[in-house]
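S.K.: No letters, just coordinates:
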């Protein structure tokens, strides 16, 4: 155990989950540009050197924070997708969860930064990022396959349709997250509903 300073023992470092939660809260309240190791350290009572010891780099801190945030979203997504109701209703809930709440949505702000940094990231970090995306994709494919089997959706290829839908949602989500003029959350949800109606929903 590291020794304390001249004034006495150093208090125990907070659990990593508390550090990640604090990082996410800082992004939400102050923006990603204010999230420095020094500022986060002050928030949780640790030195920036101690944080670097735990995480190795800011890139790793951001990816760990994204994984933590996605873990919470994944649990919420699981509850939505297993609740009673039609596949169509649950698909609407999936889309609603996917799209950012608005400009500077902290989760999407973090995603955009991780995407940007991933260009030069090691393969291990890129694999972890792909695992997050893969979970969203697999859940969507399973939901589409269920709706097709029930006759709620047209008999499309679930994997191919899921890829197109997620690409559409990603593109619009970026517009919302960066605050692109002329694009807001409700408009994006309308576009998504129209895309689903045209390409997926069975006609009588």
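M.R.: Sure thing, it's come through. Not measured: the values here are computed from a predicted model.

S.K.: For residue 196, give me its contacts.
M.R.: 91, 95, 165 (C-beta atoms under 8 Å, 6 or more residues apart in numbering). Just so you know, the C-beta spots here come from the backbone N, C-alpha and C atoms, and that holds for glycine as well.

S.K.: Out of those residues, give me the one that has the most neighbours.
M.R.: Counting neighbours by other C-beta atoms under 10 Å, the top entry in the contacts of residue 196 is residue 91, with 24 neighbours.

S.K.: Least confident secondary structure element in this protein?
M.R.: helix 48-55 (a mean of 86; mean pLDDT, DSSP states H and E).

S.K.: circling back: with pLDDT and secondary structure added, can I get the contacts of residue 196 in JSON lines?
M.R.: Shown next, in JSON lines, are the contacts of residue 196 (pLDDT from 0 to 100; DSSP: H, G, I helix; E, B strand; the rest coil):
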{"residue": "91", "pLDDT": "97", "secondary structure": "helix"}
{"residue": "95", "pLDDT": "97", "secondary structure": "helix"}
{"residue": "165", "pLDDT": "97", "secondary structure": "helix"}
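
S.K.: related to what we said a few turns ago, can you name the residues in contact with the least confident helix or strand of the chain?
M.R.: Against helix 48-55 from outside (C-beta under 8 Å, 6+ apart): 13, 16, 19, 36, 37, 38, 40, 41, 61, 64.

S.K.: Kindly recompute the last result at 10 Å.
M.R.: The contact list for helix 48-55, computed with C-beta atoms under 10 Å, 6 or more residues apart in numbering, reads 2, 10, 13, 16, 19-20, 23, 36-42, 44, 46-47, 58, 60-65.

S.K.: and the residues you listed, which of them are in helices?
M.R.: In this view, those that belong to helices under DSSP state H are 16, 19-20, 23, 37-42, 44, 58, 60-65.

S.K.: Can you list phi and psi of residue 153 for me?
M.R.: In terms of degrees, to the nearest 10, the main-chain angles of residue 153 are phi -120, psi 160.

S.K.: For it, grab the count of nearby residues.
M.R.: For residue 153, the neighbour count with other C-beta under 10 Å is 23.

S.K.: Please name the residues that touch it.
M.R.: Neighbour list for residue 153: 87-88, 91, 143-147, 161, 196, 199-202 [criterion: C-beta under 10 Å, 6+ apart].

S.K.: got the contacts of residue 196 as JSON lines, with distance to residue 126 columns?
M.R.: Supplementary listing: the contacts of residue 196 in JSON lines, determined by distance: C-beta to C-beta, whole Å:
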{"residue": "91", "distance to residue 126": "29"}
{"residue": "95", "distance to residue 126": "26"}
{"residue": "165", "distance to residue 126": "23"}
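
S.K.: This completes my enquiry, with thanks.
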